[in-house]
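Student: A structural model of the following input is requested.
(one chain, ligands or ions: 2)
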Amino acid sequence: MKVSVPATSANLGPGFDSLGLAIAMKNQVIIKPSKFHSVSLKGEGANNPVLKDNNMFISIFNDFYHNLAVRKRHYRFEFYNEIPLSRGLGSSSAVIVSAIASAYAIEGIKLEKDKLLNLALAYENHPDNITPAVMGGFNVATVQDNEVRFINKAIPNILRAVVVVPNRPISTQLSRKALPYKYSKEDTIFNISHSSLLTAAFMSEDWKMLRSASLDKVHQKYRMKQMPELFDVQKTSLRSGSLMSTLSGSGSTLFSICFAEDARKIEKALKSKFPHFKVFISDFDNSGVRVEI
Ligand SMILES: Nc1ncnc2c1ncn2[C@@H]1O[C@H](COP(=O)(O)OP(=O)(O)OP(=O)(O)O)[C@@H](O)[C@H]1O
Ligand SMILES: N[C@@H](CCO)C(=O)O
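Tutor: Ligands and ions are numbered 1, 2, ... in the order given. Sure thing, here's the model as predicted:
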């Protein structure tokens, strides 16, 4: 059995804890019946001992498997990870979503995507990464009465993501602590209006509107101060032709959207100015989590 989940970019500037989309890079797990429990890791995190000894996937999988399984078995878990850890590309959401989907699929129990999303909410209580991880595409989401309410839209193939992954991680937990406790009325109104405009731009495919609509006063400047080079990455990307450029999730990745024909030029400018960072072009993902039995 094989389960794959795409990487995500959350917030998209002003849509803090609400907007997010899926990118065509993924974590994949292959699960096979085995005499003993065993884990193998390839790709991102392969050399991280924590992922072998105290893997978040295994503990979430077990939370569900122990309740769902009529007869408990041992499995071999083979992980192929493309999503870097703690870089703001939704690595934790991918783990949460794939672990829950796997526990149901291995027992042959059908799990609707809406239910999967709400089960994932117990492990990540803001919906902007888990929603695109499950659904793919662009998503606007909120939580009401412990349920995710969302609207989803596919991202057309005329667009590309240009992704800049710094060589240092930022943990979501610490990055949230860098934020102010209170916001002014002006900053709050600024973000509500920009987030609304950005959502409307995605829904109506008005791509020229992304640049002004993606401005934010709630989180990026506080977080990017921890890695000041990110301001320069953002400027370089916008000057080279990106439609928008924002901190991805809680950082440290800087994420840009552009027209497909501009992607190479933007990638080249970023690579030559930031040779110590990983820069690449990606398609978007409109499918979300996939389970193959
Ligand atoms: N492939 C993986 N296997 C097991 N655990 C993982 C894996 N990837 C991430 N994790 C867990 O998730 C943690 C990272 O979560 P964190 O929320 O800080 O970053 P992120 O999800 O990459 O960023 P963001 O939420 O801003 O997009 C890691 O410290 C690890 O505990
Ligand atoms: N909205 C979240 C995304 C990271 O999980 C944040 O910015 O902290």
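Student: for Val291, grab the count of nearby residues.
Tutor: Using other Cβ atoms under 10 Å, the number of residues around Val291 comes to 17. C-beta coordinates here come from the backbone N, C-alpha and C atoms, glycine included.
Student: what does Arg290 give?
Tutor: Counted with other Cβ under 10 Å, Arg290 comes out at 16.
Student: who's it bridged to?
Tutor: Beta-bridge partners of Arg290, counted by DSSP bridges, are Ser4.
Student: how confident was the prediction at it?
Tutor: Confidence at Arg290, expressed as pLDDT, is 98.
Student: what's the answer for Leu210, then?
Tutor: At Leu210, the model reports a pLDDT of 98.
Student: which residues in the stretch 1-150 of the chain form strands?
Tutor: Ranges of strands in the stretch 1-150 of the chain, per DSSP state E, counting those that start in this stretch, are 2-10, 19-34, 38-43, 74-81, 138-144, 147-153.
Student: need the winner for burial among the ones you listed.
Tutor: Mean neighbour counts were taken over these using mean count of other Cβ atoms under 10 Å, and the top value, a mean of 28, falls to strand 2-10.
Student: please see if stretch 138-153 touches ligand 1.
Tutor: No: figure legend: stretch 138-153 not in contact with ligand 1 (Cβ under 6 Å from any ligand atom); closest approach 13.9 Å.
Student: chain center to that stretch: distance?
Tutor: On the basis of Cα atoms, centre = their mean, to the nearest Å, stretch 138-153 sits 15 Å off its chain's mean C-alpha point.
Student: show the average pLDDT along it.
Tutor: 98.
Student: what's the end-to-end length of it?
Tutor: Using Cα to Cα, to the nearest Å, the end-to-end distance of stretch 138-153 comes to 5 Å.
Student: so the closest residue in space to Glu78 that isn't next to it in sequence bridges to which residues?
Tutor: The shortest distance from Glu78 to any residue that is not its chain neighbour, by Cβ to Cβ, 6 or more residues apart in numbering, is 4.4 Å, and that residue is Ile30. Ile30 forms beta bridges with Lys2, Glu78, as assigned by DSSP bridges.
Student: relative to Asp53, how far out is Ile30?
Tutor: From Ile30 over to Asp53 the distance is 20 Å, taken as Cβ to Cβ, to the nearest Å.
Student: what do you get for Phe64?
Tutor: Phe64 sits at a distance of 21 Å from Asp53 (criterion: Cβ to Cβ).
Student: repeat that for Trp207.
Tutor: Computed as Cβ to Cβ, the Trp207 to Asp53 distance reads 46 Å.
Student: same question, Ser184
Tutor: From Ser184 over to Asp53 the distance is 46 Å, taken as Cβ to Cβ.
Student: of Trp207 and Asp53, who's got more company?
Tutor: Of the pair Trp207 and Asp53, Trp207 is the one with more neighbours under other Cβ under 10 Å, namely 17 against 9.
Student: wait, what's in contact with that one?
Tutor: Residues touching Trp207, when contacts are defined by Cβ atoms under 8 Å, 6 or more residues apart in numbering, comprise Leu159, Ala201, Leu243, Ile257, Phe259.
Student: now restrict those to buried residues only.
Tutor: When burial is judged by neighbour count using 16 or more other Cβ atoms under 10 Å, the buried members of the contacts of Trp207 are Leu159, Ala201, Leu243, Ile257.
Student: and the stretch 51-200 of the chain, which residues reach ligand 2?
Tutor: Contact residues (Cβ under 6 Å from any ligand atom) of the stretch 51-200 of the chain with ligand 2: His126, Asp128, Asn129, Thr172, Arg176.
Student: may I ask which of the residues you listed has the most neighbours?
Tutor: The most crowded member of those is Asn129, carrying 33 neighbours; neighbours defined as other Cβ under 10 Å.
Student: check what pLDDT that residue gets.
Tutor: Taken from the predicted model, the pLDDT recorded for Asn129 is 98.
Student: that one reaches Val97, doesn't it?
Tutor: No: the pair formed by Asn129 and Val97 falls short of the contact definition of Cβ atoms under 8 Å, at 9.2 Å.
Student: distance of Phe138 from Pro156?
Tutor: With distances taken as Cβ to Cβ, Phe138 is found 10 Å from Pro156.
Student: what about Val162, how many residues nearby?
Tutor: Under the criterion other Cβ under 10 Å, the count of neighbours that Val162 has is 26.
Student: great, nothing more from me.
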